[in-house]
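Participant: Here is a sequence with its predicted model. Questions after.
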Amino acid sequence: MKTQTKAVDINRSIGDFFYPEAHVRDAGAGLSERTIEYISDVKEDPDWVREFRRRGLKTFLEKPLPTHWASKDLEAIDFDKIRYYLAPGTEAKRSWEEVPDDIKRTFERLGIPEQERKFLAGVEAQFDSEAVYSNIKKAVGEQGVIFVGSTEGLKNYPEIFRKWFGKVIPIADNKFSALNSAVFSGGSFIYVPPGVKVKHPLQAYFRINAENFGQFERTLIIADEGAEVTYMEGCTAPKFNTPTLHSAVVELIALKGAKIQYITVQNWASNVFNLVTKRGLAQENAEVKWIDCNIGSRLTMKYPSVIMKGRKARGEVLSIALANDGQHQDTGAKMIHAADETTSNIVSKSISIGKGRATYRGLVHVPKHLKHCKNNTECDALLINATSRTDTYPAITVRGTGNAVQHEASVSQVSAEQIFYMQQRGLSEAQAMSLSVNGFVNDLVRQFPMEYSVELKRLIELEMEGSVG
Amino acid sequence: MSLVTHEELKQPSPLLSGPAELRELPEWFHDQQRAAWKQFESLPKPTRKDQAWRFSNVVLLDLAPFKFGGTLSEEERTAILERSRGLDEVAGRMIFAGDELIERDVISDQLKKRGVIFQSLERAMVEHTELFRKHFMSQPTILGSAKFAALHQALVSSGTFLYVPRGVEIEQPIEIFHWLNGENASVFPHLLLVTDELAKVTVIEHFRSVNEHAPGFACGVNDLVAGPGAKVTYVCAQNWAENVVALQMNSTVVDHDASAMSLNLHVGSRYSRFESLSRLIGEGGRSDLLAVAVAKHQQEFDARTLQDHISPHTASDLLYKNALDDRARTIFGGLIRVEPHAHFTDAYQKVRNLLLSDDAEANSMPGLEILADNVRCTHGATSGQIDEDELFYLRTRGIPVSVAQRLIVTGFLDEVIQRLNHPAIADHLNRLIEEKFAT
């Protein structure tokens, strides 16, 4: 068992670099009323947003950390040391050439405009607190699709924005949604008009560049009746010596017959606390689908949810988590059935390597007097080393007859026979292991857009490196 | 018979007034009881925010109305003995009413000669102090009810002590009855069962109320110890009156090559919480955890389990089935925990809920915590209702709907009961289920 893995031809440190800060706007460290007033002043918030932030702060300070069930590691976050708002003090650029050179270099290294050139319908790139670049293809714009930063969204489209903002995830949903409500900045606002099907995915890229910084983007996506849209987000940060906090709130609204697909590939550095609230609302016949891949971060706590509010609404969460040394991926899904004939599906696959810990936490709720609701949940965990850990904590409530809910979970490891067989065919042990792991997630990855499945497989190979022997 | 005779009947005192030295127990035990009472008072009341009490209707746990410590009249005693009917053939029997041992059918001389000890807990404290102290409540209460385990320890005054020595196999089951008698009465049943190497025993406990409407409170703890290679089967037939609040904390320790099987049947009580901790401490150990519940009216059954794999090469298998009607609720919170180094664990956990009414509610929290590799762990949870096709088929055979429904439900539950492989006990449990459907 001493085989060395052959180097994979991907730069492991693709996100692990940073440029000197040149922020014009800096709210300083710590969180107080002054911090949020500063953010409101700088962003020239309308009064209702200012009031929203104040309520967010009050709720945040009142709520305790959820340590009665969550990881004690949360206590390692020092809210007084975090800087809550950092921005270059300029508007988001429409053309790549206008973006300042150092920021441009950052995103060039991450391959953002390159991807856009290839096929994306629109891109937004966020650097610390604010969007630095935002563009949407002309054809898509002409269909009436709005794709802008959240700040621009609330100022220019208040009639749509205000109607849905904070409605799916109220301020007091949890401590971190309250924190986000107080200091949110950046994120995307998307509106797709009735019947418009956006052919190519819209993409956002989130980048933390400054130490001790907290990123709190806020994304609101509304697909009007019969509309369809796919949104993809990626995140990276360099590895600083002190922990960094990322706490986003993402709200999706799929009106009658609409479809929203939201894809995340989270590859934060291994000292980022990633505490994100994501929830979608599906009206009659609508569909909300979360594809959630968690590879990076120190502690991720994220349970994408779907509230199926209209008849025949559908919710789906496909989740892949990979936990390596020093990482805890506490992920899962919540499915709230609130109308007849609603169906939901959760498929979760996790891989624990070294001393990594992967946790599935799920909730399925079928309240009274609903008919013909269905949920299917499958959780599979793969353990690579003797020190790896995996947990599964689902909670399922079903009331009444006429519904069918099933949950299944299994834990296993790569079988020695499989490895032996592949070694016999001339593969190294590490190659064989990597192949097995890819096989384990393959049926899920196949459902992802092609670019993402390639990227994800490479990331998994990378993480697997040196894990055997 | 070791009965304490009283000149006049003692009146019960409020439960929350603390331990009263009602029975003559050893001083060291009283000391433990006083310490336990302090612990009970200092531990916080459970709230739904505790993960261990999630979904539980904790407001039902108000202990203020309950009393304890009364004594029986001669007529009551006779009536209870008359009604204490369980299995036809048993190796031994104890009957408790209000925590007082009112009858003990001694085991055969042959078993006695081979060293089987079957006596009341208070006698065992004196006569087998060492064994008693080694095993009595020696396992931690980690499934949420530490406060109530402390209450039990503070107020327990009697119970069963059963010791089966090396190589002794007791063929017939041992039977224990616990009766709640009187308005707002409370009992603290205890079973301390220790089996030595290669011993074999089956115990069935019947929990019943004298008056079918009287509110009451039961708070029991069982310590079950399966020595190396031993085979222990424990069956609980919980049939308290429908106004009773009951908590039961069971721990089973399974040594190497031993196998433990438990089956809990729940038909009675208003609220019944049953905690089962199964610790597999030796290689080759196996634990089967079974439960069947028929919940009707406003009943709430709250089951919490932990399959704790401490040693490598151990197996556990849990199967819990609930049939829910009316406004009944069930909660299943189970965890398979594979400790570091407990490699080659084979663990299974399955809970199935059959909902028979639109107001019934089933909550399932099947959990896994795996800290070792080379394990095979699976769990599953399903909630559904009677298959319309099955119902239709039975109706085409001329069976009325209500009978057909009952057949399907009993068939659903019988799968669990058959796993006991004990026809006499299975008959008894099925009879209780039948009676429950008749109400």
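Facilitator: Perfect, I can see it now. Numbering: from 1, shown residues only, chains lettered A, B, ... in the order given.

Participant: what's the pLDDT at the spatially most central residue of chain A?
Facilitator: In chain A, the centroid-proximal residue (Cα atoms, centre = their mean) is residue A:264; its distance is 4.7 Å. With respect to pLDDT, residue A:264 has a value of 89.

Participant: looking at this, it is in a strand?
Facilitator: Yes. With DSSP: H, G, I helix; E, B strand; the rest coil as the criterion, residue A:264 is part of a strand.

Participant: In the stretch 101-250 of chain A, what residue spans correspond to helices?
Facilitator: Assigned by DSSP state H, counting those that start in this stretch, the helices in the stretch 101-250 of chain A fall at A:101-110, A:112-118, A:138-142, A:150-156, A:158-164, A:175-183.

Participant: Pick out the shakiest of those helices, pLDDT-wise.
Facilitator: Mean pLDDT values for the helices of the stretch 101-250 of chain A show the minimum at helix A:112-118, a mean of 54.

Participant: now the strands for the stretch 251-400 of chain A?
Facilitator: A:259-266, A:272-282, A:287-294, A:299-302, A:305-308, A:314-323, A:328-337, A:343-352, A:357-366, A:374-383, A:389-399 (DSSP state E, counting those that start in this stretch).

Participant: With distance to chain B as added columns, please give those in TSV.
Facilitator: Where C-beta positions appear, they are placed from N, C-alpha and C, glycine not excepted. Shown next, in TSV, are these (distance: least, Cβ to the nearest Cβ, whole Å):
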stretch	distance to chain B
strand A:259-266	23
strand A:272-282	19
strand A:287-294	19
strand A:299-302	15
strand A:305-308	17
strand A:314-323	12
strand A:328-337	12
strand A:343-352	8
strand A:357-366	8
strand A:374-383	4
strand A:389-399	4
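
Participant: For beta bridges, what are the partners of the residue nearest to the centre of chain A?
Facilitator: Beta-bridge pairing for residue A:264 (DSSP bridges): residue A:233, residue A:292.

Participant: repeat for residue B:292
Facilitator: Where residue B:292 sits in a bridge, its partners, by DSSP bridges, are residue B:265, residue B:321.

Participant: Can you tell me how far it is from residue A:371?
Facilitator: Using Cβ to Cβ, to the nearest Å, one gets 28 Å for the distance from residue B:292 to residue A:371.

Participant: Those two - which one has more neighbours?
Facilitator: Neighbour count, other Cβ atoms under 10 Å in any protein chain shown: between residue B:292 and residue A:371, residue B:292 has more, with 24 against 14.

Participant: Okay, and the residue lying closest to residue A:45 once chain neighbours are set aside sits in which element?
Facilitator: Spatial nearest neighbour of residue A:45, excluding adjacent residues (Cβ to Cβ, 6 or more residues apart in numbering or on different chains): residue A:53 at 7.3 Å. Assessed by DSSP states H and E, residue A:53 sits inside helix A:47-62.

Participant: What are the buried residues along that helix?
Facilitator: A:49, A:52-57, A:59-60 (16 or more other Cβ atoms under 10 Å in any protein chain shown).

Participant: Which other helices and strands does that helix contact?
Facilitator: With contacts taken as 3 or more Cβ pairs under 8 Å, 6 or more residues apart in numbering or on different chains; DSSP states H and E, helix A:47-62 sits against helix A:33-43, helix A:175-183.

Participant: so can I have a markdown table of the ones you listed showing distance to chain B?
Facilitator: Listed next are those as a markdown table, based on distance: least, Cβ to the nearest Cβ, whole Å:
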| stretch | distance to chain B |
| --- | --- |
| helix A:33-43 | 29 |
| helix A:175-183 | 14 |
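
Participant: For residue B:404, find the nearest of these.
Facilitator: Residue B:404 sits nearest to helix A:175-183 of all those, at 49.5 Å, using Cβ to Cβ.

Participant: Show me which residues of the stretch 201-350 of chain B are close to chain A?
Facilitator: B:340-341, B:343 (Cβ under 8 Å from any Cβ of the partner chain).

Participant: from the residues you listed, which is closest to residue B:61?
Facilitator: Taking Cβ to Cβ as the measure, residue B:61 lies nearest residue B:340 of these, at 35.1 Å.

Participant: Kindly confirm my reading that the closest one is in a strand.
Facilitator: No. Under three-state DSSP, residue B:340 sits outside any strand and is assigned coil.

Participant: what residues does the stretch 1-150 of chain B put near chain A?
Facilitator: B:49-51, B:54-55.

Participant: Tell me the one among the residues you listed nearest to residue A:154.
Facilitator: Of all the residues of the stretch 1-150 of chain B next to chain A, residue B:49 has the smallest distance to residue A:154: 34.8 Å, by Cβ to Cβ.

Participant: Does the closest one touch residue A:68 like I think?
Facilitator: Yes. Using Cβ atoms under 8 Å, residue B:49 is in contact with residue A:68, at 6.0 Å.

Participant: Find the least confident helix or strand in the chain, judged by mean pLDDT.
Facilitator: Let's take chain A. When each helix and strand of chain A is scored by mean pLDDT, DSSP states H and E, helix A:112-118 comes last, with a mean of 54.

Participant: So which of the residues of the stretch 1-150 of chain B next to chain A is the closest to residue B:190?
Facilitator: When those are ranked by distance to residue B:190 (Cβ to Cβ), residue B:50 comes first, at 25.1 Å.

Participant: Tell me the spacing between that closest one and residue B:333.
Facilitator: Look at residue B:50 and residue B:333: by Cβ to Cβ, they are 11 Å apart.

Participant: Are we agreed that residue A:458 is in a helix?
Facilitator: Yes. Under three-state DSSP, residue A:458 sits within a helix.

Participant: May I have the distance across stretch A:298-311, first residue to last?
Facilitator: 39 Å (Cα to Cα, to the nearest Å).

Participant: Show me what counts as buried in that stretch.
Facilitator: So, applying 16+ other Cβ under 10 Å, buried residues of stretch A:298-311: A:298-310.

Participant: sorry, back to before: if burial is judged by neighbour count, which of the residues of the stretch 1-150 of chain B next to chain A pass?
Facilitator: Of the residues of the stretch 1-150 of chain B next to chain A, these count as buried by 16+ other Cβ under 10 Å: B:54-55.

Participant: okay, the residues of the stretch 1-150 of chain B next to chain A in JSON lines with pLDDT, distance to residue A:274 and secondary structure next?
Facilitator: Shown next, in JSON lines, are these (pLDDT from 0 to 100; distance: Cβ to Cβ, whole Å; DSSP: H, G, I helix; E, B strand; the rest coil):
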{"residue": "B:49", "pLDDT": "86", "distance to residue A:274": "24", "secondary structure": "coil"}
{"residue": "B:50", "pLDDT": "88", "distance to residue A:274": "26", "secondary structure": "coil"}
{"residue": "B:51", "pLDDT": "88", "distance to residue A:274": "22", "secondary structure": "helix"}
{"residue": "B:54", "pLDDT": "93", "distance to residue A:274": "25", "secondary structure": "coil"}
{"residue": "B:55", "pLDDT": "94", "distance to residue A:274": "29", "secondary structure": "coil"}
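
Participant: so where's the stretch 51-200 of chain A shaky on pLDDT?
Facilitator: In the predicted model of the stretch 51-200 of chain A, residues A:88-100, A:102-123, A:131-134 satisfy pLDDT under 70.

Participant: at 50 what do you get?
Facilitator: Applying pLDDT under 50 to the stretch 51-200 of chain A flags no residue at all.

Participant: What residues does it have near chain B?
Facilitator: Residues of the stretch 51-200 of chain A that fall close to chain B, judged by Cβ under 8 Å from any Cβ: A:68-69.
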